[in-house]
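S.K.: need a 3D model of the sequence below.
(2 chains)
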Amino acid sequence: MRRSILPRLLFAAMLLANAAPSFAVQPDEILPDARLETRARALSRELRCMVCQNQNIDDSDAPLARDLRILVRERLKAGDNDGQVLDFLVARYGQFVLLKPRFEWDTAALWLAPIALLLVGGAALWAALRRRKAASTHLETVVPLSAAERARLAELTGAGAAAPSRPPAGQV
Amino acid sequence: MIPELGHFALVLALALALVQSIVPLYGARRRDAVLMGVADTTALAQFALVAVSFAALVSCYVMSDFSVATVFENSHSQMPLIYKFTSVWGNHEGSMLLWVLILSVFGGLVAAFGRNIPATLKATVLSVQAWVAAAFFIFILATSNPFLRLPNAPFEGRDLNPILQDFGLAVHPPMLYLGYVGFSITFSFAVAALIEGRIDAAWARWVRPWTLIAWICLTLGIAMGSFWAYYTLGWGGWWYWDPVENASFMPWLAGTALLHSALVMEKRDALKVWTILLAILTFSLSLIGTFLVRSGVLTSVHAFATDPMRGIFILAILVLFIGGSLSLFAWRAPLLKQGGLFAPISREGALVLNNLFLTVACATVFVGTLYPLALEALTGAKISVGAPYFDWTFGPLFCLLLLAVPFGPLLAWKRGDLKGVTQRLAAAMVIALIGITVVCVVEGKPVLAAFGVGVAAFVIVGALTDIVERTGLWRAPFPIAVRRAAGLPRSAWGAAFAHIGLGVTLLGVVGETQWGSEQIVSLRQGDKVSLRHYDFTFDGTSMRNGPNYKELAVKFTVRRNGEPIGVMEPSKRSFPARESGTTEAALMTRGFSQIYVSLGDTTADGAVAVRIYHKPLVLLIWLGAVVMAIGGALSLSDRRLRVGAPKPARARAALQPAE
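M.R.: Numbering: from 1, shown residues only, chains lettered A, B, ... in the order given. Predicted coordinates:
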C-alpha cells in the first residue's frame, strides 16, 4: 500500500499521495555502458508504469516500474534494438504500456485528429473568406442607372449625362 | 455552533441565488428597473453569505475542531498555522466552497463595479451567473457538505497529505480557481448577449477586463502549479501532460484565443459569433476540468471524490450548462449580424490564424486526454496517451503558432502588407538565425535545440520590434523615444510583454530539456561527485524534528573550480500521522539556472542514493509566465478599459472618409 502510487502531479490541490520519499532510477540499475544507458533512459520515458496514473517508468517509484526498468536494460544488454524491446513489452503487457500509442485502426482517430482539425478549420476559414468576398463583391457590383434615373440625375445636376461613379472598394 | 452557522449561510446563499436567477431576468424582459435592480443586492448579499460560510470553515480548521468531518480528515493540531489555513481547500469539500466563494466574488464585482454596463445586460448577466452559482450550491449542499459533523469528535486529526503541506497550496488552487471561475463571467456575458439577441463592439469592451483578469490568474496559477511540482516531487519535472494538468491547460488555450478574438470584435466589430462561441467553450472547458478532477473518472491520484454520486451530479451540471448554452447558441447566433470586413492579410487575419492554431492545439489536448477513456468505454481496449504523444502533436502546432506571433502586431488592421512586415522583422530573423548557428555550430547541439532557440529569439525580438518602431528608438533622439514609449497605449505594451513572455518560457523549456544534465549516485560521508563545473562533497547527515514530522538531512558543500560557493541540504521528511513522507529537494540558483539535489533511499550500509541535476535556464519557464501575466496586467490598465465603453458615435463615424 505504502508505495503503490507515486504522486506525480500537484494540480489544484487534488493530490492524493501514498508515496514513500524515494525516486525513480536507482544507482544500482544504471548500466556501465553509457550508450546503452542513454537508450534505456529514452525508452523508459515512453513506457508506462502500469500501476501508476499516467507516469513513465523512468519517473516512477513503484516496484513494478523498477522491474520494467531492469527488464528494459536486460533486453538491451541482450542486443535487442529499441523496436524489439518495445515489441517484447507490448507482447507481455499490451498496448497499455506504451505512452505513445502505435498508429493502428483504433488509434488512427487519435493521431489524425490534430492534422484533420487543422485542415478542416483552415478549409472552413477559406470558405468563409470566399463567401464574404463574394458577398462584398456582390454589394460592390454597380447596377447601371435606368433611363428614368439618368434623366432624373440630369435634371438634378442641371447638366448633360453624368458619369456613374463606382463606390470605392471596401466600402459597403 | 460555528459550522452550523456556515452551513446555514450557504443555504441562504442558495435561496438568494435562486431569486437572482429568475427575478432580474424577468425584469430585463419587462424593462422593469426595480426588478433588474434586485440582481445587484442579491449578488452582493450572496457574496457576503458565502464569505461568512467560508470564514466559518476557516475558523473550524484554524481552531482544529475535529468534530467537523473534513477538519478531522485533513488537519492536525500540530500543523503550522498557514497549513491549517490552506488545508481548508486541500480537499474536495473545501475546494468546492472556495470555488463558489470565487464565483460569488466575481458576481459581487460585476454588481459593484459594472455601473457602465446597460441595465438589461447587467441584470441578465447576473441572472446567468446565479444559475451557475445555484447549481454548485446545490451540489455542495447535497453531496459535498464541508460542515458535516462527526457523532464522536476525535482527539486528533488525520493530518493533511504531506505533499500538500507546502506554500504552493496557499497560492496555486486559489489562483487556478480565480482563472477557471473568472471565465464564468465571460460565459454569462455571452449567454446574456444571446438572450438579448444583440451584441456589439461595446459588449467586447465590457467583457475584455473580466477575461483578462481570469486569464492572468490562470496563467499564474498554472505556472505556480508547475513550479510546485518541480521543487516538490524530487526529480525536477515541471510538466507531465497529466489529465489534471491538461484540464487546466485547455481553458488557458481557449481563453487565450478568446482574448485575441474579443480584440477583433472590439476594434473591428467582426468575429462576433465566433467570440461568443469561444466564451461558451472556455467556461465549458473549465467545467469539464472540474468534472474530470472531481468525479474521479480519471482514477487519478488527484481524484478525491470517490463517491459516484458526485460524479453524476457534476456530469449533470456539465450537460445542463454546456448543452444548454450551445443550444441557445445554435438558436440565437444567427440573429447576430456580421460586422467589419477585412482582407486575409491583415491584423484581423493574423488573429484569426492565431485562433485557428490555439483552438486546434486545445482540441488536440482534449482528444489526447479523453481518447483513452472513450476508447475503453467503446471497445474495452486500454491504451495510454502520455507525454510523447503531446510532444509529437501539440509541439509542432504550437511552434507554427509561435512563428506567426511576431507578424500579428505589426500587420495593419483591415489590409496588411506582408512583405513590408517581413522586412520590418528582418532584424528579428537575423538574430534568430545567429542563435541557430551558434547553437548548431559552436555548441554542436541537435537541430531541435537550435530551432527552439531560434524560435524563442524570433518571438522575443519580434515583440520588441513593434515597440522599437512605434517609439522610433533608433531614429529619434532618446528623450523623444522615451516620451513616445510612455505615451504608447498600455495595451501595446501588454501585447509586447505577453509575447516576450512566451519566448522567455520557450527559452527556459529548450534550456532545461536540451542542456540539462544529471548524476544518480550512491554516496557515503566524505564522498565527492562532480556535475558540469560543480563539485559536491557529502559532509554528513543529521536528524531533525519538525512540528509534525521528522527529517533526515544531508549536507553537501558545493564547489566551483575548487572555490566553495555554498551548502545544499536536501532532506527526506516522514509524517507519522499519515505514515508517509516527502522529499525536500535542495535548490541553488545560479543566474536563471538551478542546481537541484534530492535524496533517495538509504541502504543498510549507510549509503544514500542521491540525484543531482543541473537545470540550465529552468527559471525562465516560470519567469516567462510572470512576464505574460504582467503583459495582461498592463493591458488591463489600458485607458480605454479604465474609461469604460464609449457611447456609439454614429454621427461621427458617418462623416469619416471612406478608405
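S.K.: wait, B:Trp131 sits on B:Pro24?
M.R.: No - judged on C-beta atoms under 8 Å, B:Trp131 makes no contact with B:Pro24 at a distance of 11.4 Å. Yep, even glycine has a C-beta here, placed from its N, CA and C like the rest.
S.K.: the more surrounded of these two?
M.R.: B:Pro24 (30 against 20; other C-beta atoms under 10 Å in any protein chain shown).
S.K.: beta partners for B:Val608?
M.R.: Beta bridges link B:Val608 to B:Leu523, B:Thr602, judged by DSSP bridges.
S.K.: was I right to think it contacts B:Leu523?
M.R.: Yes - B:Val608 lies in contact with B:Leu523 (C-beta under 8 Å); the separation is 5.8 Å.
S.K.: hey, what's in contact with both of the two?
M.R.: Shared contacts of B:Val608 and B:Leu523 (C-beta atoms under 8 Å, 6 or more residues apart in numbering or on different chains): B:Phe538.
S.K.: tell me the secondary structure for B:Gln519?
M.R.: Under DSSP: H, G, I helix; E, B strand; the rest coil, B:Gln519 falls in the strand class.
S.K.: list the contacts of it.
M.R.: Residues in contact with B:Gln519 (C-beta under 8 Å, 6+ apart) are B:529-531, B:610-613.
S.K.: make it 7 Å
M.R.: Listed by C-beta atoms under 7 Å, 6 or more residues apart in numbering or on different chains, the contact partners of B:Gln519 are B:529, B:531, B:612.
S.K.: beta partners of it?
M.R.: Here B:Gln519 sits in beta bridges with B:Ile612, going by DSSP bridges.
S.K.: and the pLDDT at it?
M.R.: Confidence at B:Gln519, expressed as pLDDT, is 87.
S.K.: ok, B:Ser384 next?
M.R.: 89.
S.K.: same thing with B:Gln338?
M.R.: At B:Gln338, pLDDT is 68.
S.K.: can you check A:Ala169 too?
M.R.: A:Ala169 carries a pLDDT score of 44 in this model.
S.K.: for the residue in the stretch 251-400 of chain B positioned nearest to chain A, which residues are in contact?
M.R.: Of all residues in the stretch 251-400 of chain B, the one sitting closest to chain A is B:Gly386 (3.0 Å; C-beta to the nearest C-beta). By C-beta under 7 Å, 6+ apart, the residues touching B:Gly386 are A:48, A:54, A:56, A:99-100, B:241.
S.K.: with B:Ile322 instead?
M.R.: Counting by C-beta under 7 Å, 6+ apart, B:Ile322 touches B:284, B:287.
S.K.: roughly how far does it sit from B:Ile22?
M.R.: B:Ile322 sits at a distance of 21 Å from B:Ile22 (criterion: C-beta to C-beta, to the nearest Å).
S.K.: mind listing the helices for chain A?
M.R.: Using DSSP state H, the helices of chain A run over A:34-44, A:63-77, A:82-93, A:108-140, A:147-157.
S.K.: chain B is nearest to which of those helices?
M.R.: Chain B lies closest, by C-beta to the nearest C-beta, to one member of those: helix A:108-140, at 4.3 Å.
S.K.: state the mean pLDDT of that closest one.
M.R.: Averaged across helix A:108-140, pLDDT comes to 82.
S.K.: pLDDT below threshold where in chain A?
M.R.: Across chain A, the ranges flagged by pLDDT under 70 are A:1-23, A:135-143, A:159-172.
S.K.: domains in it, by residue range?
M.R.: Split into domains by automatic domain parsing, chain A comes to A:27-97, A:103-139.
S.K.: which of these is buried the deepest?
M.R.: Mean neighbour count (mean count of other C-beta atoms under 10 Å in any protein chain shown) peaks for domain A:27-97 among the domains of chain A, with a mean of 18.
S.K.: lowest-pLDDT helix or strand in chain B?
M.R.: Least confident helix or strand, chain B: helix B:650-655 with a mean of 42, by mean pLDDT, DSSP states H and E.
S.K.: A:Cys49 contacts A:Asp61, correct?
M.R.: No - counting by C-beta atoms under 7 Å, A:Cys49 does not reach A:Asp61; the two are 8.8 Å apart.
S.K.: who touches both of those two?
M.R.: With C-beta under 7 Å, 6+ apart as the test, A:Cys49 and A:Asp61 reach no residue in common.
S.K.: and the residue of chain A closest to chain B?
M.R.: Proximity to chain B, evaluated over chain A using C-beta to the nearest C-beta, is greatest for A:Leu99 at 3.0 Å.
S.K.: how far away is that residue from B:Asn246?
M.R.: Distance, A:Leu99 to B:Asn246, by C-beta to C-beta: 14 Å.
S.K.: got a list of what B:Val385 touches?
M.R.: B:Val385 makes contacts with A:101, A:110, B:368, B:371-372, as judged by C-beta under 7 Å, 6+ apart.
S.K.: what of B:Leu353?
M.R.: By C-beta under 7 Å, 6+ apart, the residues touching B:Leu353 are B:Ala404.
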